[in-house]
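*Asks:* Would you be able to build a 3D model of this:
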Amino acid sequence: MKHSFTSKNYIIQRETDEDVQQWHFSRQQVLGLTSATVIVLGAFLFLGADFLSNYLYEQRLSELKSNYAHVSNNLEILRNRLEQIDQQMEKIEEKDNAVRTYAGMPTIDQDIRKLGIGGRSTESKSFSDNLAPAVNKELSILEMDVELLSRQVNLELNSYKSIYEKVQEDISRISKIPSIRPVNGGYLNSSYGYRIDPFDDIRRFHQGQDITVAKGTPIYAPADGTVKRAYYVGGFGNHIKIDHGSGYTTVYAHLSKFKVRHGQKVKRGDIIGYTGNTGRSTAPHLHYEIHYYGSPQNPLDYFFTDASN
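*Replies:* Residues are numbered from 1 along each chain as shown. Below is the predicted model:
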């Protein structure tokens, strides 16, 4: 069975005020015209898409450059801040060494300080992994600096914790060290060491420090302790002896009046009596002695502060 193909004519009619115009197109012409139109539109769309793509790319590139400049500026600020913190850490380390020395603790080895302790887990993912290589490189360096600084801070925190615990353990011993001047004001007279005795002009060892003050000046306990003596005796006249523990004892001579009694507990800064001129004395003053496990000490080595502070 044969199929017959018939050609078709397409008529486009344009009506105007004066006459009617007609155009006759064959099917092949319509298909050709349609194909041409599609090709032209496709070309325009392709060119438009390419132009739009280039425009968007330029816009994105400009935005990335701006962001990169912003990030770079922030990184520089962060770098400067880290350098400042590093300088502050050096000062903290110096103070840490000083405090450790004062507390009788060994200082931390410098190599250990450089490494620090603790830090991030090695499994944690860096947030810089998805950044541009140049930014990522600089940020990686800063991350390592921050990591090292974090470890050093952890080391200092642990150091201060150990110092605090050591001081807490020694707080009782420290409170028993006679560390304040027993009277306010006055002036230092006969000092600790050899001198010519004012009564017989013989050179003798003077075991204490004389402080010339007016009669009735309050005398303060230089540390916590227990009163072992509070009575009159020979050359000392009215005198007090306090046992502070940890090997320390103190003696106060030539008093005019007692404010404590034998066996009484005292705290640093408590008034224990008043100065006078009793016993073997030429004028009102306080004779003050410090002994450590029975051995006399120079009181001036223990005048860390006045009694009123």
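
*Asks:* Residue 248 contacts residue 224, correct?
*Replies:* No. Between residue 248 and residue 224 there is no contact under Cβ atoms under 8 Å: 10.0 Å. Just so you know, the C-beta spots here come from the backbone N, C-alpha and C atoms, and that holds for glycine as well.

*Asks:* shared neighbours of these two, which are they?
*Replies:* Both residue 248 and residue 224 are contacted by residue 176, under the criterion Cβ atoms under 8 Å, 6 or more residues apart in numbering.

*Asks:* Kindly state the domain boundaries assigned to the protein.
*Replies:* By the assignment in automatic domain parsing, the chain contains the domains 9-72, 82-175, 187-302.

*Asks:* how close does residue 93 sit to residue 87?
*Replies:* Using Cβ to Cβ, to the nearest Å, we find residue 93 at a distance of 11 Å from residue 87.

*Asks:* Residue 252 in helix, strand or coil?
*Replies:* On the three-state scheme (DSSP: H, G, I helix; E, B strand; the rest coil), residue 252 is labelled strand.

*Asks:* List the beta-bridge partners for it.
*Replies:* Bridge pairing for residue 252 (DSSP bridges) gives the partners residue 240, residue 288.

*Asks:* Counting neighbours, what do you get for it?
*Replies:* Residue 252: 28 surrounding residues under other Cβ atoms under 10 Å.

*Asks:* how far away is residue 74 from residue 86?
*Replies:* Distance of residue 74 to residue 86, computed by Cβ to Cβ: 19 Å.

*Asks:* Please apply the same query to residue 201.
*Replies:* Separation of residue 201 from residue 86 (Cβ to Cβ) stands at 65 Å.

*Asks:* Looking at those two, which one has more neighbours?
*Replies:* residue 86 (13 against 7).

*Asks:* Hmm, residue 149 and the more buried one touching each other?
*Replies:* Yes. The pair residue 86 / residue 149 is scored as a contact, 6.8 Å apart, by Cβ under 8 Å.

*Asks:* if we can go back for a sec, give me the more crowded residue out of residue 93 and residue 87.
*Replies:* Taking other Cβ under 10 Å, residue 93 and residue 87 do not tie; residue 93 has more neighbours (18 against 10).

*Asks:* Can you verify my assumption that that one contacts residue 155?
*Replies:* No. Between residue 93 and residue 155 no contact is recorded; they are 9.1 Å apart, counting by Cβ under 8 Å.

*Asks:* where's residue 201 relative to residue 190, distance?
*Replies:* For residue 201 relative to residue 190 (Cβ to Cβ), the value is 14 Å.

*Asks:* correction: residue 292
*Replies:* 21 Å.

*Asks:* what's the answer for residue 210, then?
*Replies:* Going from residue 210 to residue 190 by Cβ to Cβ gives 4 Å.

*Asks:* Packing partners of the helix or strand hosting residue 211?
*Replies:* Following DSSP states H and E, the helix or strand that holds residue 211 is strand 209-212. Judged by 3 or more Cβ pairs under 8 Å, 6 or more residues apart in numbering; DSSP states H and E, strand 209-212 is in contact with strand 187-188, strand 286-292.
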